[in-house]
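Asker: just a sequence and a predicted model for now, questions to come.
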Amino acid sequence: MSDPVRQGLHARLKHWGLSILGTSSAALAVTAAPAAESTAPLNYFLHAAGPASAPTLLLGWVFTAICVGVCLIIAVLLAIAILRPRPPVLPDNVGALAATQGGINWIYIGVGVSTVVLIAMLVYALITLERMAAPNDPPTLTITVTAYDWWWKVAYDDAPDSSQRFVTANEIHIPVGEPVRVKLDSADVIHAFWVPTLAGKTQTIPGQTNEQWIQADHPGVYRGQCSQFCGAQHAHMAFEVIAQNRADFAAWSAQQAKPHASTSSPTSMASSSVAAGQKLFEERCAGCHTVRGSLAVGAQAPDLTHLDSRRLIAAGMLPNTAANQLDWITHAQQIKPESMMPSMILSRDEATDLSAFLATLQ
């Protein structure tokens, strides 16, 4: 068995073992996600990394404390009710009437206290929503994120110069310390955009554009996840937000805006393989995928112009390696059942040529 085949088989077995634990909810998506070394853990919702998430984090802890306190009070009152001695039964149910009158007084007190607490919680929640509705400073960047079954299209389409606009997938780069406006759309069903360390959840609804803003205080990789059940691969619909300093972000943006260099005139055996791979890609993949600078202009699947610049593939499921790329192409329905990506049958030469072409998508 060759090394690429062995690596691909190992990756599939690893995925299948993990996916048994993570197919039904966003909470299980952490368990289901492979590539632990390259994916930020979703349990970072217990921390805040930006001003859009800090108010909701505090709100969550306050509400949690209130709920725990209510449960403790109920448990104590229940224990008292069970353990306290019963009054003697008096003629004409006078004792029962007296107990009933005392119970009614407790009900009045409980209803009053509960009403005050609930109103206070409502007011605090509304104040928090108002605080995080918009950033203190105007956003320096606007991106449009469109949710698909089951991946994320990310369009950097607010640049004045159209040549600087581009589209990527499942990976959002933002400058550190600057508010970013996120416009949210859906191409099919209702999804939910959630980067717990940076902001709360916002739904993506077909035919409606919602908005959110995010900001990262420090450079790093922040895990995002669809948190609205949207179908069979809901738990495998992840993305990453990568916060960079302004210079690194500018360099990344400039590189992403470039089209793919043409390989139509091979001058060596290696470039001949690349050209053959591009021809194969344009014949079999161009209906869904785009590679700017080639004949591939599909719109239903991720733009792959700079595929190799991404950390992960398949919406966060696999590390972006040459072996995993081929494994995903040839076993997509085994790795991510019911996704729109078909499993393709490739000969050894076709796989070699296609891999050579994909390696040029820097």
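Answerer: Nice, I can see it.
Asker: so which residues of the stretch 1-150 of the chain form strands?
Answerer: For the stretch 1-150 of the chain, strands defined by DSSP state E, counting those that start in this stretch occupy the ranges 141-148.
Asker: pLDDT weak spots in it?
Answerer: Counting by pLDDT under 70, the stretch 1-150 of the chain shows low-confidence ranges at 1-45, 87-104.
Asker: quick check: Pro302 touching Ala155?
Answerer: No: between Pro302 and Ala155 there is no contact under C-beta atoms under 8 Å: 11.8 Å. In this view, the C-beta of every residue, glycine as well, is placed from N, C-alpha and C.
Asker: quick one, which of the two is more surrounded?
Answerer: With neighbours defined as other C-beta atoms under 10 Å, Pro302 and Ala155 compare such that Pro302 has more, 25 against 18.
Asker: the more buried one and Gly207, how far apart?
Answerer: Pro302 sits 22 Å away from Gly207, going by C-beta to C-beta, to the nearest Å.
Asker: also Thr305?
Answerer: Distance of Thr305 to Gly207, computed by C-beta to C-beta: 28 Å.
Asker: more neighbours, these two?
Answerer: Counted by other C-beta under 10 Å, Thr305 and Gly207 do not tie: Thr305 has more neighbours, with 23 against 6.
Asker: next, Gln278: secondary structure please.
Answerer: Secondary structure, DSSP: H, G, I helix; E, B strand; the rest coil: Gln278 is helix.
Asker: that one and Ser294 touch, don't they?
Answerer: Yes: assessed by C-beta under 8 Å, Gln278 is found in contact with Ser294 at 6.3 Å.
Asker: okay, stretch 229-237 in PDB with CA atoms only?
Answerer: The C-alpha trace of stretch 229-237 is given here as PDB (Å, rounded to 0.1, in the frame of the first residue of the first chain):
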ATOM      1  CA  PHE A 229     -29.600  22.400  13.400                       C
ATOM      2  CA  CYS A 230     -29.600  22.500   9.600                       C
ATOM      3  CA  GLY A 231     -29.300  18.900   8.400                       C
ATOM      4  CA  ALA A 232     -27.200  15.800   8.400                       C
ATOM      5  CA  GLN A 233     -23.800  17.500   8.600                       C
ATOM      6  CA  HIS A 234     -24.800  20.300  11.000                       C
ATOM      7  CA  ALA A 235     -22.100  19.200  13.500                       C
ATOM      8  CA  HIS A 236     -19.500  19.300  10.800                       C
ATOM      9  CA  MET A 237     -20.200  22.900   9.700                       C
END
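Asker: from the chain's centroid, how far away is it?
Answerer: 11 Å (C-alpha atoms, centre = their mean, to the nearest Å).
Asker: avg pLDDT for it?
Answerer: Averaging pLDDT along stretch 229-237 yields 94.
Asker: ok, how many other residues are close to Tyr108?
Answerer: Neighbours of Tyr108 (other C-beta under 10 Å): 10.
Asker: that one and Ile143, how far apart?
Answerer: From Tyr108 to Ile143 the distance is 54 Å (C-beta to C-beta).
Asker: show me this structure divided up by domain.
Answerer: What automatic domain parsing lists as the domains of the chain is 1-48+139-362, 54-131.
Asker: most packed of those domains?
Answerer: domain 1-48+139-362 (a mean of 18; mean count of other C-beta atoms under 10 Å).
Asker: report the distance from that one to the chain centre.
Answerer: 11 Å.
Asker: pretty sure Pro337 sits against Gly231.
Answerer: No: counting by C-beta under 8 Å, Gly231 is not a contact partner of Pro337; they are 10.7 Å apart.
Asker: helices of the stretch 251-362 of the chain, residue ranges please.
Answerer: 269-284, 322-335, 348-358 (DSSP state H, counting those that start in this stretch).
Asker: name the helices or strands packed onto the last one?
Answerer: This points to helix 348-358. Judged by 3 or more C-beta pairs under 8 Å, 6 or more residues apart in numbering; DSSP states H and E, helix 348-358 is in contact with helix 269-284, helix 322-335.
Asker: got the angle between the last one and helix 269-284?
Answerer: Read it as helix 322-335. Helix 322-335 and helix 269-284 are oriented at 20 degrees to each other (axes from the mean of the first three to the mean of the last three C-alpha atoms, to 10 degrees).
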